[in-house]
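J.: sequence first, predicted model second:
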2 protein chains.
Amino acid sequence: MADSSDRGSMPPPPTIHNAQPDDMIRIMLATDNHIGYLERDPIRGQDSINTFREILQLAVKHDVDFILLAGDLFHENRPSRGCLYQVMALLREYTMGDKPVQVELLSDPEEGKAEGYSFPAINYEDPNFNVGIPVFSIHGNHDDPQGAGAEGALCALDVLSVSGLLNYMGKFDLPIADAEAQTTGIAIRPVLLRKGSTHLGLYGVGNVKDQRMHFELRSNRVRMYMPKDKDEWFNILLIHQNRVKHGPQESVPEGMFDDSVDLVVWGHEHDCRIIPEPVAGKQYFITQPGSSVATSLADGESLEKHVALLTIQNKEFDLMPIPLRTVRPFVLEDIDLAEVHEEEGLDLKDQMEITKFLKARVNALIDKANELWDERNAKAVAEGEEELEPMLPLIRLKVDTTGVSEMSNPIRFGQEFQGRIANPRDVLVFHRSKKASKTSKVAIDQPELSIDDPNLSISEKLSKVRVQTLVKEYLAAQELQLLGETGMSDAIQMFVEKDDTHAIQSHVAASLKSLMKGVQTSEDVDEDELDDALAKAKEDQDRIYAEKQKAGKMAKSKGKGKAKDVESEVASEDSMAMDIDAMASDFEEPDSDEPAPKKTAGKKKAAAPAKKAPAKGRGKKAAVLTDSDSDDIVEIGDDDDDEPPKAKRTNRAAVLSSTTAAKKAPAKKKAAASSSKQATLSFAPSGRTSTRAAATKAKGKMAVDLSD
Amino acid sequence: MADSSDRGSMPPPPTIHNAQPDDMIRIMLATDNHIGYLERDPIRGQDSINTFREILQLAVKHDVDFILLAGDLFHENRPSRGCLYQVMALLREYTMGDKPVQVELLSDPEEGKAEGYSFPAINYEDPNFNVGIPVFSIHGNHDDPQGAGAEGALCALDVLSVSGLLNYMGKFDLPIADAEAQTTGIAIRPVLLRKGSTHLGLYGVGNVKDQRMHFELRSNRVRMYMPKDKDEWFNILLIHQNRVKHGPQESVPEGMFDDSVDLVVWGHEHDCRIIPEPVAGKQYFITQPGSSVATSLADGESLEKHVALLTIQNKEFDLMPIPLRTVRPFVLEDIDLAEVHEEEGLDLKDQMEITKFLKARVNALIDKANELWDERNAKAVAEGEEELEPMLPLIRLKVDTTGVSEMSNPIRFGQEFQGRIANPRDVLVFHRSKKASKTSKVAIDQPELSIDDPNLSISEKLSKVRVQTLVKEYLAAQELQLLGETGMSDAIQMFVEKDDTHAIQSHVAASLKSLMKGVQTSEDVDEDELDDALAKAKEDQDRIYAEKQKAGKMAKSKGKGKAKDVESEVASEDSMAMDIDAMASDFEEPDSDEPAPKKTAGKKKAAAPAKKAPAKGRGKKAAVLTDSDSDDIVEIGDDDDDEPPKAKRTNRAAVLSSTTAAKKAPAKKKAAASSSKQATLSFAPSGRTSTRAAATKAKGKMAVDLSD
């Protein structure tokens, strides 16, 4: 069950006292299904999809009113065709059907619908679809909206949504690079449902960078458009953010949400903590379903995985964890060889003996895992479930090798366990440390690990460290003459991390536009002065990019000049909430327990921050939202594939190769840099000519959201 | 209208004589919509989608029973998220609805359905979908099935099909690399429909390499599973192949189809030839709707584009071309400067004068194009249509510069026409030749051009030539020690052409498996002998790959030994048709006017060549099917994007960069080769260990389809 051991003084979880089936809304609650995780692994390739199937079957079995997912349905931002195909097939198989949907939609079914089309956003409102169990989901950090077509940034959930198989909610954001889109915090428009006397508001907020969420919350800019009688409603807030602190502002505090919220469903964190936990000084509870597949071999993932059956009746609710039976048993152990030496006299100089010792431990872990499986299986069978075929377990042995001079090859070590465990390649990880005292405590809460994490094998670390540092080194080596390194680094990151094949191109085009503008304003440039003009334009451009990034995160800061660095901590609170529009006359302005924002003078209905305002060709940066300090490259690969680092995504490998080349030749830096620049990023002359006209049109656009 | 000028002695097109609305099946016929073509072009980006919308609107307007598409719905094998989203939205908007579907499905609705799921393959048979106008489509060469997940090779149409928005037909093929899949030609299972007294059979064959199709036809191995009373049916065959000869066997002859066919709908060729054309010695007619968007600026694309309203009543039919109004007017002209010099005294040494002359010609073409637009628009308005906003035209001036020493920059030339034409970047193309006499005749029939084509601008040619030759040069430079160049070249091509990011990895894994096997059989290899063993294994592997490729195309050739080269021309005819199963007792064996195959002894129902037999991890090569001669690299980029060669698909650019690097250093070949090998294709050690076990399992599998 959920890890409630260290939460001793918790009040008893809430329940429903006088059950009235006609008023009860039953919800299958799940999250972080990470479909496609290790999809090419011959053993584990189908794990994520199998468990997702189990979840859908559980939804049918428990006769729920709908399914609620809290993000990261897909592991890859651009899921493979196979993943998309399978998810669509499963949704069609299990969620379409004759079962009447008993939850009445009270909010506008058009809210968030595909622009220019007549069908509604909520699939069961479309008379052409026979939906039995609607699925609602927000996006996570893995499957967030990317790219910028005519429809703005899209994510995989948009594709499911437009096909009528899923209801995508919580896409609140406007592309920050669009000058028209005045960034005004986060606006949450709920899906409002009713069954009998129970009124339910679903408030979804798809993942954004934790720093931004933190800031928006602190600045009271997270606006929930609630019905006037909001306290008559049961209000669920869905978020997908870090709950565990990773650094200053790198998580979202539990106690900053609106008082009208009754239950926070917390996605992103992979350990299962379904039993609702109260928050000091707040009315609401938090439930954290955890992932349905282990995407790292950390402690938190070894807890038994569950989904939850959430039942709501008026203002009361009940959460019942349901164990997932298709999840591989996973056990792990920490071993300090020095300790074993002290206690059991293990010879730290004898590699053979160490290997023998470690094999014995792995064998013990395998036995333990198989017992765990049998136990769970027997329990389910006793409850009338069918017996399942055993699955190979996941085993992880973390070995502190401090004081040991040489260790054998962990991959060769694992080969012995082929056919007995699901992860022979990375059963063993070594680390050295003074004392790995803090390990287990931190690891429990870290589904998405940093490079320093001892749970990562060396190859895992390597695969991470390379991208982060080499992008930096590569860019430094380029001595970029026209393009700012800051934006370029973000663009490369988008390319690597999100498979956004146009990120670099778009950035270059935008940069050139801005450069052209700079050069054009200094009229009649002499050939000799061109370098100066370019240098100045580049400087301007770097500054503007940095400011735009800040502006997106922090919003326009009233009265600050163009060139002045806006520090996130000092963003003035009184500049907020200037152009918010009320959702409809039925709804009042959002409020919160923090200092209230200025009310707008007149409530306009038009031009409310629309979900899908087209942002042709420029919305890309919306999703980046990185820190604007150029040396603060945001973590790449924060999500710990245990996949071996062979050329899994070939374009990633290709980027690395260029980078490696640049690194290898620091002496002849300039020559190498210029040739590889030409090779990998061959855009300069052609891009330039085509953007000239556009640059003229775009004049004066770049600074709009800074000049107010 | 269609280009029927050089087909003088054609009989009058067929018509329906005694129209009975209740027996008439009305079909909207279109093909080669190439959605996503130039999707990032600021002017033309939405062209393909806008015309697809127009086609759907025409289907609604003309109240058709269904829509029939003949391939290349998508331009990219992996359409962008935006494309997929828009196509899904459009299909949902226009093809779902209350209009009753009046064509009754007589064939098995389960035929070709997603394996393991209960919903039918044909969307309007699914009670959970309210389909108004079913859409049927085969795949083309652009959107053919690729990759190999648990579900076998998938294409974008599979995704549309599983979402219930489209009915994908004509996916006949089994992965040839799968030893279980005995390649036995092409089996076409029809969609059988009825309305009133009219019985309609739709026989779809998705694109395969022309050489294969040619061979299968000649060998009488294209099997149409027809009802016993086939001649009572109106039988439509849909294909997507070259119709115009590009080389020996590089097209499909018009006269080789079954005599029971009444109408061949020919996709792939982009010029519009809707008026049915008879075929010498055959009963059937051919109609070629042509593409709905110009993907090259060749003559054939300048014909006015149409879709067709096909009406069928019993054995009679009628084809009515309907002009597409959202297609840009496109005019082109050939100019020979030497001729102009002779006739008008143009000074071939005066660049300014030449430029001035060419600008005048372009201006004349613009006027002509705009007149064309006005004319078409006026005609439509006269027929009661609404007036459309004018569109910028496509203009192409092909200039023979023979005898001219220097020409100005065609891109700078085009800038002058910004805002007046849709393609300022490539309005001008230069070529030099003895005499461009054959140009216009050939170009009409060449929607997909080769490198030699004078219609291509220099940059277009460059972008093509690079991939073709550089892959070869790159591989040659590698001195690959373990991997065969033949298969590697195909794998790289898959990566570049189809964005198949796993192609290289899969090939390497498969090669290593086969290598391991070779090395393992020569037991207890001495360290010194390892090189020999590897060399031998590599040789074997190259040979096996070549044979497998042949085998896939030509099927197993009875009695031929493992090592013997099977020549395509001599594949023995009597080895065919050994394991074909009849579709159902209602159907007889396929026949044809060519020598009949041996009948099978007993008609088994089980184990018929299933459409979607899973081919875990090895099906990849199915789609390659290239010629097995290693130096005969198949044409890359056969489809002529007019897109400028800036880094459009960044991973393509990355591959090129490595290749370029390898090319630049021919002197230090070995060093460069080994370092770039490591950088771009870093798989060797890790891949090896993981495949050892698998190799054991796979033993004896590689040669199965050769040994029979």
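T.: Everything's here; your move. Numbering: from 1, shown residues only, chains lettered A, B, ... in the order given.

J.: helix, strand or coil for A:W373?
T.: Under the three-state scheme (DSSP: H, G, I helix; E, B strand; the rest coil), A:W373 adopts helix.

J.: surely it and A:L392 touch.
T.: No - judged on CB atoms under 8 Å, A:W373 makes no contact with A:L392 at a distance of 9.7 Å. For every residue, glycine as well, the C-beta is placed using N, CA and C.

J.: ok, the closest residue to A:C272 other than its chain neighbours - contacts?
T.: Counting by CB to CB, 6 or more residues apart in numbering or on different chains, A:C272 lies nearest to A:G290, which is 3.4 Å off, once chain neighbours are set aside. For A:G290, the contacting residues are A:31-32, A:269-274, A:300, A:303, A:305-306, by CB atoms under 8 Å, 6 or more residues apart in numbering or on different chains.

J.: return the distance of A:G290 relative to chain B.
T.: 26 Å (CB to the nearest CB, to the nearest Å).

J.: just the helices in the stretch 301-450 of chain A please.
T.: Counting by DSSP state H, counting those that start in this stretch, the stretch 301-450 of chain A has helices at residues A:337-344, A:351-382, A:410-415, A:439-444.

J.: quick check: bridge partners of A:H306?
T.: Counting by DSSP bridges, A:H306 forms beta bridges with A:P323.

J.: what's the burial count for it?
T.: By other CB atoms under 10 Å in any protein chain shown, 22 other residues sit near A:H306.

J.: my read: it touches A:C272, true?
T.: Yes - using CB under 8 Å, A:H306 makes contact with A:C272 at a distance of 5.1 Å.

J.: spell out which parts of the stretch 51-200 of chain A neighbour chain B.
T.: For the stretch 51-200 of chain A, the residues in contact with chain B (CB under 8 Å from any CB of the partner chain) are A:78, A:80-86, A:88-89, A:92-93, A:96-98, A:114, A:116-119, A:127-131, A:146-147, A:149-151, A:154-156, A:158-159, A:162-165.

J.: just the buried ones from the residues you listed?
T.: A:78, A:80-86, A:88-89, A:92-93, A:96, A:114, A:119, A:128-131, A:146-147, A:149-151, A:154-156, A:158-159, A:162-165 (16 or more other CB atoms under 10 Å in any protein chain shown).

J.: coming back round to it: for A:S251, which of the helices of the stretch 301-450 of chain A is the nearest?
T.: helix A:439-444 (12.9 Å; CB to CB).

J.: restricted to helices, list the contacts of A:G290.
T.: Residues of the contacts of A:G290 located in helices (DSSP state H): A:G300.

J.: put together a markdown table for the contacts of A:G290, with distance to B:S405 on each row.
T.: Below are the contacts of A:G290 laid out as a markdown table (distance: CB to CB, whole Å):
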| residue | distance to B:S405 |
| --- | --- |
| A:T31 | 69 |
| A:D32 | 67 |
| A:E269 | 71 |
| A:H270 | 69 |
| A:D271 | 74 |
| A:C272 | 76 |
| A:R273 | 78 |
| A:I274 | 79 |
| A:G300 | 73 |
| A:L303 | 78 |
| A:K305 | 74 |
| A:H306 | 78 |
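
J.: would CSV of the contacts of A:G290 with distance to B:E333 and pLDDT be doable?
T.: Converted to CSV, the contacts of A:G290 look like this (distance: CB to CB, whole Å; pLDDT from 0 to 100):
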residue, distance to B:E333, pLDDT
A:T31, 61, 98
A:D32, 60, 98
A:E269, 65, 95
A:H270, 64, 96
A:D271, 69, 95
A:C272, 70, 96
A:R273, 72, 96
A:I274, 72, 96
A:G300, 69, 93
A:L303, 73, 95
A:K305, 68, 97
A:H306, 71, 98
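
J.: of the contacts of A:G290, which is the most crowded?
T.: The most crowded member of the contacts of A:G290 is A:T31, carrying 31 neighbours; neighbours defined as other CB under 10 Å.

J.: please report the distance of that one from A:F136.
T.: 12 Å (CB to CB, to the nearest Å).

J.: anything in contact with each of these two?
T.: Taking CB under 8 Å, 6+ apart as the criterion, A:T31 and A:F136 both touch A:L69.

J.: what segments of the stretch 351-500 of chain A are strands?
T.: For the stretch 351-500 of chain A, the strands defined by DSSP state E, counting those that start in this stretch occupy A:394-400, A:428-431.

J.: and if you look at the stretch 101-250 of chain A?
T.: Using DSSP E, counting those that start in this stretch, strands in the stretch 101-250 of chain A cover A:104-105, A:135-137, A:146-149, A:152-154, A:167-168, A:186-188, A:191-195, A:198-205, A:222-224, A:234-240.

J.: nearest to B:K356, of the ones you listed?
T.: Nearest to B:K356 among the strands of the stretch 101-250 of chain A is strand A:146-149 (40.1 Å), distances taken as CB to CB.

J.: list the contacts of A:N377.
T.: Counting by CB under 8 Å, 6+ apart, A:N377 touches A:325, A:387-388, A:390.

J.: in contact with A:V159, which residues are there?
T.: A:V159 sits next to A:84, B:81, B:84-85, B:88 when contact means CB under 8 Å, 6+ apart.

J.: A:D336 is in contact with A:L348, correct?
T.: No - judged on CB under 8 Å, A:L348 makes no contact with A:D336 at a distance of 11.2 Å.

J.: how is chain A partitioned into domains?
T.: Here the domain parsing of chain A from automatic domain parsing is A:330-421+A:423-456, A:463-563+A:608-707.

J.: with adjacent residues omitted, what lies nearest to A:L166?
T.: Nearest to A:L166 is A:L160, by CB to CB, 6+ apart, at 4.0 Å.

J.: give me the local confidence score for the one you found.
T.: In the prediction, the pLDDT value recorded for A:L160 is 98.

J.: ditto for A:P13
T.: On the pLDDT scale, A:P13 is placed at 62.

J.: repeat for A:E115
T.: Confidence for A:E115, expressed as pLDDT, is 89.

J.: what's the distance between it and A:D158?
T.: With CB to CB as the criterion, A:E115 and A:D158 are 12 Å apart.

J.: apart from its chain neighbours, what residue comes closest to A:R189?
T.: Of all residues not flanking A:R189 in the chain, A:Y225 sits nearest, at 5.0 Å (CB to CB, 6+ apart).

J.: the residue of the stretch 301-450 of chain A found nearest chain B - how many residues pack around it?
T.: Residue nearest to chain B within the stretch 301-450 of chain A: A:Q418 (5.3 Å; CB to the nearest CB). Residues lying near A:Q418 (other CB under 10 Å) number 15.

J.: swap in the one 10 residues further on?
T.: Under the neighbour criterion other CB under 10 Å, A:L428 is assigned a count of 27.

J.: now swap in A:H240 and tell me
T.: Neighbour number of A:H240 under other CB under 10 Å is 31.

J.: show me what it is bridged to.
T.: A:G267.

J.: distance check, it against chain B.
T.: Relative to chain B, and taking CB to the nearest CB, A:H240 is found at 20 Å.

J.: that older thread, my guess is the residue of the stretch 301-450 of chain A closest to chain B contacts A:V427, does it?
T.: No - using CB under 8 Å as the test, A:Q418 is too far from A:V427 to be in contact (10.5 Å).
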